[in-house]
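Undergrad: no FASTA, just this:
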């Protein structure tokens, strides 16, 4: 296959300006991460990266649109969905963590990498998160760059992404209300969407990125499947469910009963408790 044909297969990125746009997206993600690293030095809190990670992704997407001479018919929709997802998630995490100490996950990373963790965190935390964000933004590059006409697959992807955005926001809102009620202190949240999934927010987030991938696929960007696959692995096996539930049963015995009757990820009817 000729080089031009191979590049064309990458979802219409094209030889003229396509790779420049991709690198500019990486630079945008890196700048956001670098500025957050400086802030983390002042506050001694590298968990600030969680507040901006979604912004690194959409920042890359905006850079793609700005760098390319013209964008395809799905660009505005994809950037709008990604922008709403990123802004909502960033604001929610900022509000949730305001005034709280550094997340215990990052405290453990800090303890393992002293001395000089402040400098090491630039690579171990912030550079890594910037690269991961850039990879996740792949559907935005494929969708923004491709001139392919709108299709039924675009519509399906947009609907799935919109559903995921609403589902995730609803789950976070329900959890926030639950935690704000003093009467629920020490109890396990098993109401609303959390009755059907232990992590409905993560399920909604996956739907957002699989939906955006379907739109990229409609544009010829099958290669960008790396994005939803990476997001799914992160949420299921790395920084999401696996990490959060590693020892929660020991810290909160009531959670074991919740696990026994409730799906971890994909929503489903609660199971009956074993007799």
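TA: Nice, I can see it. Quick caveat: nothing in here was measured; it's all calculated off a predicted structure.
Undergrad: I'd like to know which elements the longest helix anywhere in the chain is packed against.
TA: Using DSSP state H, we find that the single longest helix of the chain is helix 152-180. Counting contacts by 3 or more C-beta pairs under 8 Å, 6 or more residues apart in numbering; DSSP states H and E, helix 152-180 packs against helix 75-97, helix 200-218. C-beta: built from backbone N, CA, C; applies to glycine.
Undergrad: give me the buried positions along the following helix or strand past the last one.
TA: Of the helices and strands lying after helix 200-218 in sequence (DSSP states H and E), the nearest is helix 226-233. Along helix 226-233, the positions that meet the burial threshold by neighbour count (16 or more other C-beta atoms under 10 Å) are 227-228, 230-232.
Undergrad: now the angle between helix 200-218 and helix 226-233, please.
TA: Inter-element angle recorded for helix 226-233 and helix 200-218: 170 degrees (by axes from the mean of the first three to the mean of the last three C-alpha atoms, to 10 degrees).
Undergrad: so which helix or strand takes in residue 40?
TA: Using DSSP H and E, residue 40 falls within helix 18-43.
Undergrad: picking that back up, switch the buried residues of helix 226-233 over to JSON lines; also include pLDDT.
TA: Shown next, in JSON lines, are the buried residues of helix 226-233 (pLDDT from 0 to 100):
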{"residue": "227", "pLDDT": "97"}
{"residue": "228", "pLDDT": "97"}
{"residue": "230", "pLDDT": "96"}
{"residue": "231", "pLDDT": "95"}
{"residue": "232", "pLDDT": "95"}
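Undergrad: check those residues and tell me the two furthest apart.
TA: Using C-beta to C-beta, the buried residues of helix 226-233 reach their maximum pairwise distance at 227 and 232, which is 9.6 Å.
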